[in-house]
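Chemist: No letters, just coordinates:
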């Protein structure tokens, strides 16, 4: 399966999850490594857009295409998510839930519904999982952010 990540160019080939470890995210607490990816380029862009201020969008952005093994994904259904999973900003319940999944999952990838489009999925990659060596960066290309997408 192919998944997509949009981020700073200088980290485009970095599959360590260091950024999520330092800052946390909707599905991970600080100190828990995670790589946030999406099932399509468009969803990756939407997810990036809702999580960044227009004044913080770097000039050097890239889209990273990552191949993950289809048989190494743990699916999570919406019914199993914390009741407040769609709240903004992300509640502590989702951080605790996701961190526990990442640390205990038998497989290195977790699929989780997108808040933006619940019928589409984001994929949380666990870089510390013993099978994370199966993640493969297929391509990295420059990504020009069209600021018409986001207003101040």
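Modeler: Happy to help now that I have it. Predicted model only: the values in this text are computed from it and were never measured.
Chemist: what packs against the longest helix anywhere in the chain?
Modeler: Assignment by DSSP state H gives helix 92-104 as the longest helix of the chain. Here helix 92-104 touches strand 109-113, strand 121-125, going by 3 or more CB pairs under 8 Å, 6 or more residues apart in numbering; DSSP states H and E. C-betas here are computed from N, CA, C, even on glycine.
Chemist: so which of those strands gets nearest residue 60?
Modeler: Among the helices and strands packed on helix 92-104, strand 121-125 comes nearest to residue 60, with 22.3 Å by CB to CB.
Chemist: which stretches of this structure have low pLDDT?
Modeler: Confidence mapping of the chain against pLDDT under 70 gives the ranges 151-152.
Chemist: circling back to that earlier point, quick one: the longest helix of the chain to chain centroid distance?
Modeler: 14 Å (CA atoms, centre = their mean, to the nearest Å).
Chemist: can you list contacts of stretch 128-137?
Modeler: Residues from elsewhere that reach stretch 128-137, judged by CB atoms under 8 Å, 6 or more residues apart in numbering: 12-13, 15, 17, 33, 35, 64-69, 72, 105, 107-108, 125-127.
Chemist: and the residue nearest the centre of the chain, what are its bridge partners?
Modeler: Geometric centre of the chain, nearest residue: residue 36, 1.3 Å, by CA atoms, centre = their mean. For residue 36, the beta-bridge partners under DSSP bridges are residue 124.
Chemist: which residues sit in contact with it?
Modeler: Residue 36 sits in contact with 5, 20, 25, 27, 47, 122, 124, 125, where contact means CB under 8 Å, 6+ apart.
Chemist: Kindly write the ChimeraX command that selects the buried subset of those.
Modeler: For the buried members of these, the matching ChimeraX selection, counting by 16 or more other CB atoms under 10 Å, is:
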select :5,20,25,27,47,122,124,125
